[in-house]
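Chemist: Structure for this input, please:
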Amino acid sequence: RGKTFTERLDPMLWKRVQAELTVLGFLALAIWISRHAGLLEAVTAWAYSVRPLSHRRLGAAPSPSDAAPPVNGSLAECRSPVESLAAILPTEQASLLHSLEDVHVTLFATMLCYFCAVRLAV
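Modeler: This is a model prediction of the structure:
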């Protein structure tokens, strides 16, 4: 007797879950290596140095408040895509690390919800 659709779906779904977990594991490893190799510190230092002067306080060390775009919410003062990117990146290593971790956990939670929804829908 042939397998039902659900019996055929489970192994395929499990292979897909394993592939997604592998990708998330690779992302976690990349973040960990970046942190320990000093890449996050370099990125935040670069973001602060490239940030348009209007987006940072002169003569002050980078602070969490520098991570926010201007009060009016416009990035119109940025002259290039590089300045636009620098204007929205955090200027502290801890802030960047927490942002990356938040995105990573959000991806994981979303993946779990997706696969649960797919499994329950069948």
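
Chemist: Show me what counts as buried in stretch 80-94.
Modeler: For stretch 80-94, burial by neighbour count (16 or more other Cβ atoms under 10 Å) applies to 84, 86-87, 89-93. Any C-beta I mention is one placed from the backbone N, CA and C, and that applies to glycine too.

Chemist: end to end, how far does it reach?
Modeler: End-to-end distance for stretch 80-94: 26 Å, by Cα to Cα, to the nearest Å.

Chemist: Surely residue 92 and residue 41 touch.
Modeler: No. With contacts counted by Cβ atoms under 8 Å, residue 92 stays clear of residue 41, the gap being 9.3 Å.

Chemist: tally of neighbours for residue 18?
Modeler: Residues lying near residue 18 (other Cβ atoms under 10 Å) number 9.

Chemist: Over to residue 114?
Modeler: Residues lying near residue 114 (other Cβ under 10 Å) number 13.

Chemist: Next one: it from residue 86, what distance?
Modeler: 33 Å (Cβ to Cβ, to the nearest Å).

Chemist: mind exporting the lowest-mean-pLDDT helix or strand in the chain as CSV, just the C-alpha atoms?
Modeler: Lowest by mean pLDDT, DSSP states H and E among the helices and strands of the chain is helix 81-88, with a mean of 77. Output of helix 81-88 as CSV, limited to C-alpha atoms (Å, rounded to 0.1, in the frame of the first residue of the first chain):
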residue,chain,number,x,y,z
PRO,A,81,24.6,54.9,0.0
VAL,A,82,27.6,54.4,2.3
GLU,A,83,26.6,57.4,4.4
SER,A,84,23.0,56.1,4.5
LEU,A,85,24.2,52.7,5.8
ALA,A,86,26.5,54.3,8.3
ALA,A,87,23.7,56.6,9.6
ILE,A,88,21.6,53.6,10.6
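
Chemist: Let me know the next secondary structure element after it.
Modeler: Counting by DSSP states H and E, the next helix or strand C-terminal to helix 81-88 is helix 93-121.

Chemist: on contacts alone, who are the packing partners of that following helix?
Modeler: helix 5-37, helix 39-50 (3 or more Cβ pairs under 8 Å, 6 or more residues apart in numbering; DSSP states H and E).
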